[in-house]
Each structure stands twice: as structure tokens, then as C-alpha cells.
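Asks: take a look and give me a structure for this.
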Amino acid sequence: MAAENAEKEIRIGCFVCRCGVNIAGTLDTEKLAEYSGKLPNVVHSTDNISLCTTSGADLIKEAVEEHKLNRIIVAACTPKTHQPVFRAVLEDSGLDPSYLEFVNIREHVSFVHMKEKDKAQLKAEELIRAGVARSMFLEPIPEKTFPVEKKALVIGGGIGGMQAALDLASEYEVYLVEKAATIGGKMAMLDRTFPTDDCSI
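Replies: Numbers count the residues shown, from 1 in each chain. Alright, predicted model coming up:
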């Protein structure tokens, strides 16, 4: 289905999240959705109180089906934590997750411009416009898996390196590399350690 969508006309769905008051406290998300709906190739646009919830996911899935969307713009919070959630929603909808474009209007707009609401609104519009433009060039990104040898290289035989090597050794063959003649790093140079007064060596 993803391959078919790539060949069809570009039909973009834009979803603006209120994120409770985190975004809606600074930005007019209804106006952002209205603005988004006037952008090229956007055939559906709406705002929602919380897109990362089950009801938010259902809203996106229903819109994909109803409006035959093949690109999704999510204007919400940080993609660092939420992008995998929405990629899964696209997969459940039969779309390639590569057709997701994330626009961060929380950390990049509402959190940093809460005292300048008019300017924040303009910035959010610009970011969404850029996201819509970029989405037109999205292509499926193939994912490949490769076998991995169960070996690990740890560079540095100080306390951190030795602990990392020990932690890995339960599942991996570990090679510990140290440039000095002895291991232990700075700890080996100390006589006693606080607070137990143990011999550091």
C-alpha cells in the first residue's frame, strides 16, 4: 500500500496538537489548523487536545481512510519522545512511516515565545508551512537488518572502562584496550579512597 501511495497525487493531512495548555496556552491551534488547510496539497487539517493518546491516534487513522491521505504532518511537541508513537500510527493506517513529517511547535515555539503570542503564532505558521513543503519530497526509507557479531571493544581501562567491560562480558566477548602499561586509570594512582579508606589499587 505504501508503494501505491507514493505514486498517487500528494494528499497531506495536517494535525495540530493542543497538548493540553502546553501549546494551546500560547498558540491558537484552531487558527493553525485553519492556516494549514490552505497550504498546497493539504486536503485535511484539524486540531486536537492530545494527539499522542489513543483517541488522537484513532483520529489520524480515520482521517487517512476518509481523505485518502498519503502524507501526515504532526504539529506537536518533541519528536524525540513522540515520533515513534506517530510512526506506529502511520503503519497501522497502512502508510509507510517515512511519510510522517514532525513539526515541533511546543519546545520550538510555545515554550520559548509564551510572552510574544503574536510572533509565536507567525513562527508556528512558518514551521508548519515548511513541514508541508518538505513532506512533498518524502520517500519511503527501506529498513534492513544485519547480523551482529557478539563482540565488543571497550577503549580505556580506567574504572569506567573496566565496569563497562564487566557489564558487557555476560553476553559479549569483550576486548579491553588501554594505552598505558597498567589498567585502573587515575584510581590506580591513588593511595586510599574516601570514605571507606580502602586501598584504591
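Asks: just confirm residue 32 is within a helix.
Replies: Yes - per DSSP: H, G, I helix; E, B strand; the rest coil, residue 32 lies within a helix segment.
Asks: excluding its backbone neighbours, what's nearest it?
Replies: residue 16 (4.7 Å; C-beta to C-beta, 6 or more residues apart in numbering). (Glycine included, C-beta is placed from N, CA and C.)
Asks: which other helices and strands contact the helix or strand the one you found falls within?
Replies: Using DSSP states H and E, residue 16 falls within strand 12-17. Secondary-structure packing of strand 12-17 (3 or more C-beta pairs under 8 Å, 6 or more residues apart in numbering; DSSP states H and E): helix 29-36, strand 42-48, helix 54-67, strand 71-76, helix 117-135.
Asks: which stretches of this protein aren't confidently modelled?
Replies: Applying pLDDT under 70 to the chain picks out residues 1-7, 201.
Asks: switch the cut-off to 50
Replies: Applying pLDDT under 50 to the chain flags residues 1-6.
Asks: domain assignment for it?
Replies: Following automatic domain parsing, one finds the domains of the chain at 2-135, 151-199.
Asks: out of those, nearest to residue 143?
Replies: Smallest distance to residue 143 across these (C-beta to C-beta): 9.2 Å, for domain 2-135.
Asks: centre of the chain to that closest one, how far?
Replies: 13 Å (C-alpha atoms, centre = their mean, to the nearest Å).
Asks: same thing with stretch 147-158?
Replies: 28 Å.
Asks: quick revisit: please identify which of the helices and strands packed on strand 12-17 is closest to residue 85.
Replies: Here helix 54-67 is closest among those (C-beta to C-beta), at 7.6 Å.
Asks: which residues touch residue 88?
Replies: Contacts for residue 88 (C-beta atoms under 8 Å, 6 or more residues apart in numbering) come out as residue 97.
Asks: if we can go back for a sec, and of the helices and strands packed on strand 12-17, who's closest to residue 155?
Replies: Closest among these, using C-beta to C-beta: helix 117-135, at 38.3 Å.
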